[in-house]
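Chemist: pasting a predicted model and its sequence here:
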Amino acid sequence: MIWLAVCAAVAGAFFLAFGTQRQSSAVRSSAGGLNVTGLGIARLFRTPRWVFGLLLLGVGMALNVYALASAPLTVVQPIGAIALVITTVVNAREYNIKMNRPTILAIIACMLGSAAFVILAIEVSAENHRITSGQELHTILILAIAVVVFGGSLLLFPHRLGAFFYILGAGVLFGFVAVLVRTISVALLDPNGRFIANVSWYSVLAVIVAGLLGSYFVQNAYSKGPPDLVIAGLTVIDPIVGISIGIAIFGELDPNVRPAIALTMVAAGCIAIVGVIALSRHHPEVLERRAEAKRRTKLAESK
């Protein structure tokens with residue numbers, strides 16, 4: 001069963017990578033580096049390439065859910081980093097991009113840092129399947145703060161936000177979505193027999209709001225940066241946020257964890273995040289866009 005789950009996770013990573021690349025290509029040709037508005041997203045639903053990418057992402061998510069249900073998180077979660085490598089290779093071949101050394105090192109940092117964080121977090125997590133209503137409300141309150149911060153920044157500085165902001169926002173929001181989906185699933189499977197009556201309406205509402213805003217951020221990230229940056233952000237920030245909530249709020253941290261392991265986890269998370277930041281600054285496509293923006297500015301000043 002575990003090997004079947006591993007195969008499903010690997011296949012899911014492929015679908016996620018190709019789906020992200022298809023959607024990114026469609027958004028960039030449609031938006032041309034500009035912000036994607038609500039009408040822009042509606043138009044994307046009429047773009048076959050974007051819709052095909054959406055279908056690929058759906059299949060990848062379904063495969064990953066099956067893998068997580070059939071094997072330990074320690075086995076499945078690090079496999080998602082394969083999507084970063086696949087997306088980088090596919091995007092580089094399609095656009096004839098030559099990877100520079102900082103980009104390669106950034107990708108390695110993302111993969112190693114996120115995999116080490118997840119594995120260590122699972123090792124020090126206590127077995128705790130019961131989530132109280134207080135813990136659920138604390139999670140939603142923190143999510144509300146995140147929505148206000150990222151949504152407010154979007155309203156106040158609509159033209160000053162770069163790809164990294166959108167990726168950071170999407171990773172944080174989808175991390176909360178994953179936690180709340182788990183919370184809802186635990187409530188549905190409660191043996192008291194109440195099923196859907198166990199589910200809090202505010203958790204469902206929070207998932208919808210965070211999911212929609214996170215999806216909007218992802219589409220704007222597609223228009224402002226390469227797809228491998230999008231994948232890097234989601235495969236690094238999303239699991240770090242999810243596991244951090246599980247440890248800090250749900251009390252899943254083993255009380256006997258050694259300080260050295262805790263510090264190593266912090267270091268691994270920092271390495272992964274630094275990798276995402278480096279990728280957002282040194283990727284060849286990002287450098288090309290920056291140079292093009294400077295050329296346009298000089299041309300405008302010379303007129």
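Modeler: Perfect, I can see it now. On a predicted model such as this, the values are computed, not experimentally measured, just so you know. Numbering: from 1, shown residues only.
Chemist: any stretches of the stretch 151-300 of the chain with poor pLDDT?
Modeler: Where the stretch 151-300 of the chain drops to pLDDT under 70, the residues are 189-191, 193.
Chemist: give me the neighbour count for the residue nearest to Gly80 when sequence neighbours are not counted.
Modeler: Leaving aside its chain neighbours, Gly80 sits nearest to Thr235 (5.0 Å; criterion: Cβ to Cβ, 6 or more residues apart in numbering). In short, each C-beta sits where N, CA and C put it, glycine included. Other residues within reach of Thr235, judged by other Cβ atoms under 10 Å, total 28.
Chemist: likewise Ser215?
Modeler: 15.
Chemist: please apply the same query to Ser153.
Modeler: 14.
Chemist: residues contacting it?
Modeler: Neighbour list for Ser153: 161, 165 [criterion: Cβ atoms under 8 Å, 6 or more residues apart in numbering].
Chemist: pretty sure the residue nearest to Gly80 contacts Val85?
Modeler: No: Thr235 sits out of contact with Val85 when judged by Cβ atoms under 8 Å, with a separation of 10.3 Å.
Chemist: in which helix or strand would I find the most centrally placed residue in the chain?
Modeler: Centroid-nearest residue in the chain: Leu234, 2.0 Å away (criterion: Cα atoms, centre = their mean). Secondary structure from DSSP states H and E places Leu234 in helix 227-248.
Chemist: next helix or strand past that helix?
Modeler: helix 259-282.
Chemist: that next one packs against which elements?
Modeler: Applying 3 or more Cβ pairs under 8 Å, 6 or more residues apart in numbering; DSSP states H and E, we find helix 259-282 packed against helix 101-123, helix 163-188, helix 227-248.
Chemist: again, only using 10 Å
Modeler: Using 3 or more Cβ pairs under 10 Å, 6 or more residues apart in numbering; DSSP states H and E, the elements in contact with helix 259-282 are helix 82-94, helix 101-123, helix 163-188, helix 227-248, helix 284-302.
Chemist: highest mean neighbour count out of those?
Modeler: Mean neighbours per residue, mean count of other Cβ atoms under 10 Å, is largest over the helices and strands packed on helix 259-282 for helix 227-248, with a mean of 25.
Chemist: and that one, how far out from the chain middle?
Modeler: With Cα atoms, centre = their mean, to the nearest Å as the basis, helix 227-248 stands 5 Å off its chain's centre.
Chemist: could you do stretch 141-159 as well?
Modeler: Distance, centroid of stretch 141-159 to centroid of chain: 17 Å (Cα atoms, centre = their mean).
Chemist: same thing with stretch 159-177?
Modeler: That offset, for stretch 159-177, works out to 8 Å (Cα atoms, centre = their mean).
Chemist: do stretch 134-152 as well
Modeler: Worked out by Cα atoms, centre = their mean, stretch 134-152 lies 17 Å from the chain centre.
Chemist: from start to finish, how long is stretch 114-132 in a straight line?
Modeler: 28 Å (Cα to Cα, to the nearest Å).
Chemist: what do Thr235 and Val85 both touch?
Modeler: Counting by Cβ atoms under 10 Å, 6 or more residues apart in numbering, the shared contacts of Thr235 and Val85 are 13, 110-111.
Chemist: hang on, Val181 packs against Gly211?
Modeler: Yes: taking Cβ atoms under 10 Å as the definition, Val181 is a contact partner of Gly211 at 9.2 Å.
Chemist: tell me how far the strand or helix carrying Ala146 lies from the chain's centre.
Modeler: Using DSSP H and E, Ala146 sits within helix 133-156. Relative to the chain's own centre, helix 133-156 is displaced by 17 Å; criterion: Cα atoms, centre = their mean.
Chemist: and it, what's buried?
Modeler: Using 16 or more other Cβ atoms under 10 Å as the test for burial, helix 133-156 gives 135-136, 139-140, 142-143, 146-147, 150-151, 154.
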